[in-house]
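Novice: here is a sequence together with a model predicted from it:
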Amino acid sequence: MRPGPPPADTTHALRWMRAAWTSLSRIAALLLTLFALLFSTLVLSAEPTGDVLPVPPLSGHVIDSSQTLSTAQAQALEQKLSAFERAHGTQMVILLVPSTQPEDIAAFAQRVGETWKIGRRDVGDGLLIVVAKQDRRIRIEVAKALEGAVPDLAASRVIEQAIKPAFKAGDYAGGLNRGVDQLVARIQGENLPAPEARTSEGRHPSGDGFQFNDLMVFGLIGIPIVFGVLSAILGRKLGALATGSLGGFLIWVVTSSLFLAIGGGIIAIFLALAFGNGGGRRGGPGSWGGPPTGGGWSSGGGGWSSGGGGDFGGGGASGNW
């Protein structure tokens, strides 16, 4: 005796399950494509093609990869720029490199400025001095918010009158100090907002700029939620990869640092997998047992970082010696 047709409600349920599975498969494919495009954009924007000099990580107010300044000279400039930022809020950074070739120093400086985003987020008052020692080229790159205080002609005069004569005499520290003093004098005369009070660690209590505490909050709260949703759609391994990709992209958007984005993305993947294990209890896709007890990681405390606001539109001037 042949079995009869399934009940109508069963048939409807099966059709609904097939339609839901098809929709989920399309969403999964769309998410994978999106994450692939995000990471492709991240790599292509952060790592220029060919032999173009990559943007170094932002580690302080003075970055000397050309070994031009002595430790004492670099520290003195660092202290001067740090004191100016604390007093007036404006971020000024000096970068010394051996050469920017085959890229012109103006293009390189703008690329560095756009990557670092120095300057307060709500003000955009960043200024960058780039020295290419072997090329004997100087560039003062000015964020748009400071173009009134330091117009192109004024930047050119600072190079010609303060920096260039000292560089010709081999006094690189002296030229940079004189240039900084003249730029500081011009910026002080600009009607810019007063700096906000900072914590003992040098960070804004309002949260301007990237803070590692934000990353910890995302890691302990956001990752389990995101991983739970994505793993239910993609499975445990692909869900962890997608969670790490999203976390890395968000870190890149906030910090503009490829190194932090890659490191944060990898950490997010491991945390997602750890949450998925649930402290040794395995479950189905999307199951997680909460944050692991003990362990973890921290930023090590303190540190200086970009304000995240400088918009560099090509203002400034270049010169040689």
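Specialist: Right, received. Where do you want to start?

Novice: in the stretch 201-321 of the chain, which spans are helices?
Specialist: With helices called from DSSP state H, counting those that start in this stretch, the stretch 201-321 of the chain shows them at 212-217, 223-234, 236-255, 258-277.

Novice: for residue 144, find the nearest of those.
Specialist: Nearest to residue 144 among the helices of the stretch 201-321 of the chain is helix 236-255; the distance by Cβ to Cβ comes to 20.2 Å. Placement of C-beta: from N, CA and C, glycine included.

Novice: which strands and helices sit next to the closest one?
Specialist: helix 8-46, helix 223-234, helix 258-277 (3 or more Cβ pairs under 8 Å, 6 or more residues apart in numbering; DSSP states H and E).

Novice: avg pLDDT for the first one?
Specialist: Going back to what we said before, that points to helix 8-46. Across helix 8-46, pLDDT averages out at 59.

Novice: residue 115: neighbour count?
Specialist: Look at residue 115: counted by other Cβ atoms under 10 Å, it has 21 neighbours.

Novice: tell me which element it falls in.
Specialist: helix 105-116 (DSSP states H and E).

Novice: my guess is residue 128 contacts residue 113. True?
Specialist: Yes. In this structure, residue 128 is within contact of residue 113 by Cβ atoms under 8 Å, at 5.0 Å.

Novice: quick one: common contacting residues for these two?
Specialist: 141, 312 (Cβ atoms under 8 Å, 6 or more residues apart in numbering).

Novice: higher neighbour count, the two?
Specialist: residue 113 (29 against 24).

Novice: so where's the stretch 1-150 of the chain uncertain?
Specialist: Within the stretch 1-150 of the chain, the stretches with pLDDT under 70 are 1-14, 16-17, 20-50.

Novice: follow-up on the earlier one: list the helices and strands the helix or strand that the helix holding residue 115 is followed by packs on?
Specialist: Using DSSP H and E, the helix or strand that follows helix 105-116 towards the C-terminus is strand 126-132. Judged by 3+ Cβ pairs under 8 Å, 6+ apart, strand 126-132 is in contact with strand 91-97, helix 105-116, strand 137-142, helix 172-188.

Novice: would you convert those into a markdown table that also reports distance to residue 160?
Specialist: Output for the helices and strands packed on strand 126-132, formatted as a markdown table (distance: least, Cβ to Cβ, whole Å):
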| stretch | distance to residue 160 |
| --- | --- |
| strand 91-97 | 18 |
| helix 105-116 | 16 |
| strand 137-142 | 10 |
| helix 172-188 | 10 |
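
Novice: for the ones you listed, which one sits closest to residue 84?
Specialist: Closest among these, using Cβ to Cβ: helix 172-188, at 5.6 Å.

Novice: angle of that closest one against strand 126-132?
Specialist: 160 degrees (axes from the mean of the first three to the mean of the last three Cα atoms, to 10 degrees).

Novice: name the residues that touch stretch 97-113?
Specialist: Residues from elsewhere that reach stretch 97-113, judged by Cβ under 8 Å, 6+ apart: 48, 50-53, 55-56, 65-66, 95, 126, 128, 130-135, 137-139, 141, 143, 310, 312, 314, 316, 318.

Novice: what subset of these is buried?
Specialist: 53, 55, 66, 95, 126, 128, 130-133, 137-139, 141, 143, 310, 312, 316, 318 (16 or more other Cβ atoms under 10 Å).

Novice: what are the buried residues along stretch 80-88?
Specialist: So, applying 16+ other Cβ under 10 Å, buried residues of stretch 80-88: 80-82, 84-85, 88.

Novice: got it, and stretch 59-70?
Specialist: Counting neighbours by 16+ other Cβ under 10 Å, stretch 59-70 gives 60-64, 66, 68-69 as buried.
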